[in-house]
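1. Based on what follows, work out the 3D shape:
(chains A, B, C and D)
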Protein chains: 2
Amino acid sequence: MLDLGRLRALHAVSVHGTVGAAAAALGYTPSAVSQQIAKLERETRTTLLERSGRGVRLTDEARRLAATAERVLALVEEAEVRLEERRGQPEGRLRIGCFPSAARGLMPRVLADLARRHPALDARLTEVDPHLSVDLVGRGVLDLAVAHDWDIAALPVPPGVEQAVVGDDGCDILVPRDHPLAARERVRREDLSRERWITQPPGTVCHDWLIRTLRATGYEPLIAHQAEENHTQVALVAAGLGIALVPRLGRGPLPPEVAALRLEPVPVRRLWALWRAGAARRPAITETVRTLQELWPEVSAAR
Amino acid sequence: MLDLGRLRALHAVSVHGTVGAAAAALGYTPSAVSQQIAKLERETRTTLLERSGRGVRLTDEARRLAATAERVLALVEEAEVRLEERRGQPEGRLRIGCFPSAARGLMPRVLADLARRHPALDARLTEVDPHLSVDLVGRGVLDLAVAHDWDIAALPVPPGVEQAVVGDDGCDILVPRDHPLAARERVRREDLSRERWITQPPGTVCHDWLIRTLRATGYEPLIAHQAEENHTQVALVAAGLGIALVPRLGRGPLPPEVAALRLEPVPVRRLWALWRAGAARRPAITETVRTLQELWPEVSAAR
DNA sequence: GGTTGGATGAAGCACTGCTACATTCACCCG
DNA sequence: CGGGTGAATGTAGCAGTGCTTCATCCAACC
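-> This next block holds a predicted model:
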């Protein structure tokens, strides 16, 4: 009888493309996955992987077998979900992926709460880019993702993945304390057209939103500096090198040299929780999503 | 992730009723099956078996899990069949169950032929009662059964099991050489109404057929002796203790003290091959059935 | 042509899963 | 009611599996 572990290895290679990535997803070394599949080949007397360039290619037969493996694994996972559901308590491992600012601004509070209330739950956090996290959930690398999107770029959610709103996070304009606008409480887009900007790298939603929104006022924004981390952006603003659009969540207290202005209308990013549809009934999932939603107002108010 | 071996153990217990029977079907000791299920209980933190009298009872949750396991195992088996089908050559283990007279009269020839033409096929023969063999195929203990039935008692074939005719085997009346009828080549039922009979034990088809057929002529047959094995029956006939109705297949050469009379009409039992529907496409199955059918005329002529 | 990214192979080690045997428990029967 | 039987489970031990680490090999890229 075919072995489930070997089928899982083959399926992982078919999903992730390379032996190494499959191994990483399964928590093994590439050598282990390679050996598993070699054994599967011996047992079935069938060639499953062919070397192709630096990587491997699945044979037709391997693809068929991987498709069956997917159905088998789905059945088994469904059975596990049903067992956990019946016991009712969140438990087992929950691999959570989260974008950086929520990882520091929201998740510590949430994880502490979960750990206190559900000792059998083994929640593990990984910081990942929000656009990657959706795919990682779809492929089963993560059990739960906390991601965000903006009005101009809704999160693309593949079939088989479900989502729920956690809350909305506003963004402010950070300016040096001696900036002409620093005295004002509120500003409009038009007021910002001639500034030097400090943004995240191109391709990030934050960056694209800024470009598109300011272009709509008729000016091409001047990007003076780029930094991925909000704290670096704040430091650049503090040094008087430009102004920045920075989300409130995870921003932390501002240094005295920096002032936050409320932009009208307030740019909002929406926080989502995402999970595989098959795992929707896991108490670990439902309870974590509930906790995210319940704690959000509290976290939001403290920003 | 749930382990396939443990699921198979649970499923086997659910099918066979006891840990011991499940172990026998899987080829393990009861202790092994018991340990597997104990581990499954620990992993799922669910009680699966409850002791009930001398045996065990599955909990509701265990029954659900066993049902899922059945689907999983069916998928996996289907994948294995597809792999073998694609390679085209009969191979792997084929557990054959066969009733006694065919086990000596037909199967040696068939198995030798298969072994010569298909070295990768590991065919294993077990002698089993024909009425048991159908059930054993249905429950997956056997891959292929060779059974037989009579016009008065068709073989009950459960859903999920398929069958094909192998051939028809006639039966003769064996009488002592000095019996009044011994000179005749052919006899009719009416000629036999006052004989002392040597039969198989009550409950066997052979016995029941005799009773019913002779009763139809208006006489209650007199059962003088009972013996399960045809050779013993022949020896009893040779000793002049009665006459017997004995199938031709597997009868072997008769001693000089015994004569075979052709009964008109000739009682016929039909030989069947039976297998699980799921395994129908296995070359090991199709080729073995084909071999049975092809060799039958040859074996039949040599009886 | 060295370097990098990836797969595979060999050695070793921990763990799993089996068997054999012992124990426990429920039923049955004298 | 006590001994016997059938069935499950527990224990010790052993073989085999499956992982990791380290080394090797191959293809692509600079």
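2. Return the residues of the stretch 1-150 of chain A in contact with chain B.
-> Neighbours of chain B within the stretch 1-150 of chain A, by C-beta under 8 Å from any C-beta of the partner chain: A:1-4, A:7-8, A:44-46, A:61, A:64-65, A:68-69, A:71-73, A:75-80, A:82-83, A:86-87, A:91. All C-beta atoms are positioned from the backbone trio N, CA, C, and that covers glycine.
3. out of those, which are buried?
-> Among these, those classed as buried by 16 or more other C-beta atoms under 10 Å in any protein chain shown are A:2-4, A:7-8, A:44, A:46, A:61, A:65, A:68-69, A:71-73, A:75-80, A:82-83, A:91.
4. List the buried residues of the longest strand along chain A.
-> The residue-count maximum for a strand in chain A (DSSP state E) belongs to strand A:161-176. Along strand A:161-176, these residues count as buried under the neighbour rule (16+ other C-beta under 10 Å): A:161-163, A:166-167, A:169-176.
5. Need the max-distance pair from those.
-> Taking C-beta to C-beta, the two most distant members of the buried residues of strand A:161-176 are A:Glu162 and A:Pro176; they sit 43.7 Å apart.
6. just for chain A, where's the confidence low?
-> A:303 (pLDDT under 70).
7. do the top helix by length along it and DNA strand D meet?
-> Secondary structure of chain A per DSSP state H: the longest helix is helix A:60-87. No. Judged by C-beta under 7 Å from any atom of the strand, helix A:60-87 stays clear of DNA strand D, getting no closer than 14.8 Å.
8. after that helix, next one along is what?
-> Next helix or strand after helix A:60-87 toward the C-terminus (DSSP states H and E): strand A:92-98.
9. quick one, that following strand and helix A:60-87 angle?
-> Per axes from the mean of the first three to the mean of the last three C-alpha atoms, to 10 degrees, the angle that strand A:92-98 makes with helix A:60-87 is 110 degrees.
10. Which positions within strand A:92-98 qualify as buried?
-> A:92, A:94-98.
11. same check, this time on stretch A:111-122
-> Neighbour-count burial for stretch A:111-122 flags A:111, A:114, A:118, A:121 (criterion: 16+ other C-beta under 10 Å).
12. Find the pair from these with maximum spatial separation.
-> Farthest pair in the buried residues of stretch A:111-122 (C-beta to C-beta) is A:Leu111 and A:His118. Separation: 10.8 Å.
13. can you pull out the helices in the stretch 201-303 of chain A?
-> Along the stretch 201-303 of chain A, counting by DSSP state H, counting those that start in this stretch, helices occupy A:205-215, A:230-238, A:283-301.
14. As CSV, the ones you listed with distance to B:Leu136 and mean neighbour count would be great.
-> Output for those, formatted as CSV (distance: least, C-beta to C-beta, whole Å; neighbours: other C-beta atoms under 10 Å in any protein chain shown):
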stretch, distance to B:Leu136, mean neighbour count
helix A:205-215, 63, 17
helix A:230-238, 69, 20
helix A:283-301, 42, 18
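15. any chance of those in CSV, plus distance to DNA strand D?
-> Compiled in CSV, those are given as follows (distance: least, C-beta to the nearest atom of the strand, whole Å):
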stretch, distance to DNA strand D
helix A:205-215, 26
helix A:230-238, 28
helix A:283-301, 24
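16. closest to DNA strand C out of those?
-> Of all the helices of the stretch 201-303 of chain A, helix A:283-301 sits nearest to DNA strand C, with 22.5 Å by C-beta to the nearest atom of the strand.
17. Show me what that closest one is in contact with.
-> For helix A:283-301, contacts defined as C-beta atoms under 8 Å, 6 or more residues apart in numbering or on different chains pick out A:84-85, A:87-92, A:94, A:96, A:105-106, A:109-110, A:113-114, A:118, A:121, A:123, A:143-144, A:146, A:164-167, A:169, A:248-249, A:271, A:273, A:275, A:279-280.
18. and if we set it to 7 Å?
-> Contacts to helix A:283-301, defined as C-beta atoms under 7 Å, 6 or more residues apart in numbering or on different chains, come from residues A:84-85, A:88-92, A:94, A:105-106, A:109-110, A:113-114, A:118, A:121, A:123, A:143-144, A:146, A:164, A:166-167, A:273, A:275, A:279.
19. Same question for stretch A:234-247.
-> So stretch A:234-247 is contacted by A:101, A:169, A:171-176, A:179, A:195-199, A:206, A:210, A:224-225, A:227, A:230, A:233, A:254-255, A:257-258, A:267, A:269 (C-beta under 7 Å, 6+ apart).
20. Next, the contact list for the residue of chain A positioned farthest from its centre, please.
-> Distance from the C-alpha centroid of chain A peaks at A:Arg45, with 40.8 Å (C-alpha atoms, centre = their mean). By C-beta under 7 Å, 6+ apart, A:Arg45 lies in contact with B:Arg87.
21. Give me the domain ranges for chain A.
-> A:4-85, A:92-303 (automatic domain parsing).
22. With respect to DNA strand C, which of those lies nearest?
-> Smallest distance to DNA strand C across the domains of chain A (C-beta to the nearest atom of the strand): 3.0 Å, for domain A:4-85.
23. What's the end-to-end length of the closest one?
-> Counting by C-alpha to C-alpha, to the nearest Å, you get 23 Å between the two ends of domain A:4-85.
24. Having no further points to raise, I will conclude here.
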